[in-house]
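Asker: sharing a sequence plus its predicted fold:
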Amino acid sequence: MSRSRTSLLWLIFAIVLTVYVKGRVATSFDSGYAIHMAVSLLEEGNLDLEEYRDVIPASDYRVMEIDGVLQSRYPVGPSVVAVPVVLILATVGKYVFYIWDLDVFLRSNQPSGIERFIGSFMTALTAVVMFYIARLRLSYGWSMLVLLLFAFGTSAWSVTSRALWQHAPSMLFLSVALYGLIRARDEPRLSQYAGLFLALAYAMRPTNALVVVSVTLYVLAVHRVWFWRYIGWASLVAVPFVSYNLAIFGSPLPWYYRQASGSFNLFDPSFLEAAAGNLVSPARGLFVYSPVFLFSLLGVALLLRQKRWNSLDTCLAVTLVLHWLIISSWKVWWGGTVFGPRLFADMLPFLTYFLIPVIEQLERPRLQGRVLAAALAIAIAASCFMHRSGALYWATWDWNVEPENIGSDPSRLWDWSDPPFLRRTSEIHPDG
């Protein structure tokens, strides 16, 4: 790729990042102490929250006390990967953001803006990785389309860029692993490095265990020569991860990875509702909020029809189906007080990957291609409209508790007369 095109790509990255950061919504909820832990690691060499005990409410659901020390209930991985950015903020923040002492700032302020910036940076970087994945099969222009539809037509815009959710670094590491696995078809040695990035993804979010298992089996079957190096790279993350958990929690896995929130079995009617809801609910449906992913199904069909389907495609497709089943087995299948299909966020790189065979068809100047282009354009526009709402309007998030909390009345998840994406005003956030 020429220098001018590379420069343009990174200009687009900067534009995407700017749009993300300018979005009014900043959802520092579950991740509310992620920056505190990053600062703690920098200044005290640990990831506990003990130094902030005096400013953390005793009943805060995000923390727990272990052996007399305050610890986060949520994965520490996002805080660890945020350290470089936090270090820069601690160094230059006084000149740019007028934050003279980050530790003091955290004691009297919610760092939602910092979280939003870091989440936005990681999400925008993931969009660039998706460009490079698309570039393996598409021209520069069509690859740029993949970048933009990923950036603005998915939960990347409305959810993962809004705060330091687990999903932002999870998506980034999964997309890098995917890029390496695709290139490993021609350069098998690259398969070994997928172990490192998959281990990082798992350290961010426990549901990535599905990807770890499926890809590990794939590497063992297809790239057996490189399997032990794959394990070796993974151990660079796995060993510190397990060691930390044993030291703090007395278990190889932390509390968040072991919690049992209750689940449905596959024959429970509530499971069927959840499975349908994760796809077509007006509040959480993947195909409602990103109708562009209906074309991912077409992408699967095209690969099969053109006899280009391979074992990596099988691995990714199985992972997507299992992920859907797992999140649908959770009793709180709607993922809490969020916007859209948040629980599918980690799978966005894989869903976007299956769009690439469809976009390939657009390069063929036939009537069939023009009809497909028109349909895809409508789906992309609708997807962008949906996620723009979640990024710009607080009312779309406040829908979860107005007029009643969906936890108390889950039937609202099916109310087409009042879908969250059409909300524009809110009693909780008047500027929504």
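Answerer: Okay, I see it.
Asker: now the spatially most central residue of the chain: how far from residue 200?
Answerer: Geometric centre of the chain, nearest residue: residue 167, 2.9 Å, by Cα atoms, centre = their mean. Computed as Cβ to Cβ, to the nearest Å, the residue 167 to residue 200 distance reads 14 Å. Glycine gets a C-beta too; all of them are placed from N, C-alpha and C.
Asker: ditto for residue 373
Answerer: 37 Å.
Asker: and these two? which has more neighbours close in?
Answerer: Using other Cβ atoms under 10 Å as the criterion, residue 373 and residue 200 rank with residue 200 on top: 25 against 14.
Asker: check contacts around the closest residue to the more buried one other than its chain neighbours.
Answerer: Spatial nearest neighbour of residue 200, chain neighbours left out: residue 173 (4.3 Å); criterion: Cβ to Cβ, 6 or more residues apart in numbering. Listed by Cβ atoms under 8 Å, 6 or more residues apart in numbering, the contact partners of residue 173 are 197-198, 200-201, 204.
Asker: put together JSON lines for those, with secondary structure and distance to residue 320 on each row.
Answerer: Below are those laid out as JSON lines (DSSP: H, G, I helix; E, B strand; the rest coil; distance: Cβ to Cβ, whole Å):
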{"residue": "197", "secondary structure": "helix", "distance to residue 320": "18"}
{"residue": "198", "secondary structure": "helix", "distance to residue 320": "16"}
{"residue": "200", "secondary structure": "helix", "distance to residue 320": "20"}
{"residue": "201", "secondary structure": "helix", "distance to residue 320": "15"}
{"residue": "204", "secondary structure": "helix", "distance to residue 320": "18"}
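Asker: among these, which one lies nearest to residue 37?
Answerer: residue 204 (13.6 Å; Cβ to Cβ).
Asker: touching, that closest one and residue 80? I think so.
Answerer: No. Counting by Cβ atoms under 8 Å, residue 204 does not reach residue 80; the two are 9.3 Å apart.
Asker: tell me where the stretch 51-200 of the chain has helices.
Answerer: Counting by DSSP state H, counting those that start in this stretch, the stretch 51-200 of the chain has helices at residues 77-96, 102-108, 112-135, 140-152, 155, 167-183, 194-204.
Asker: for the record, mean pLDDT for stretch 130-143?
Answerer: What stretch 130-143 shows for mean pLDDT is 96.
Asker: quick check: buried residues in it?
Answerer: 130-135, 138, 142-143 (16 or more other Cβ atoms under 10 Å).
Asker: show me where pLDDT drops low in the stretch 201-350 of the chain?
Answerer: Within the stretch 201-350 of the chain, the segments meeting pLDDT under 70 span 260-267.
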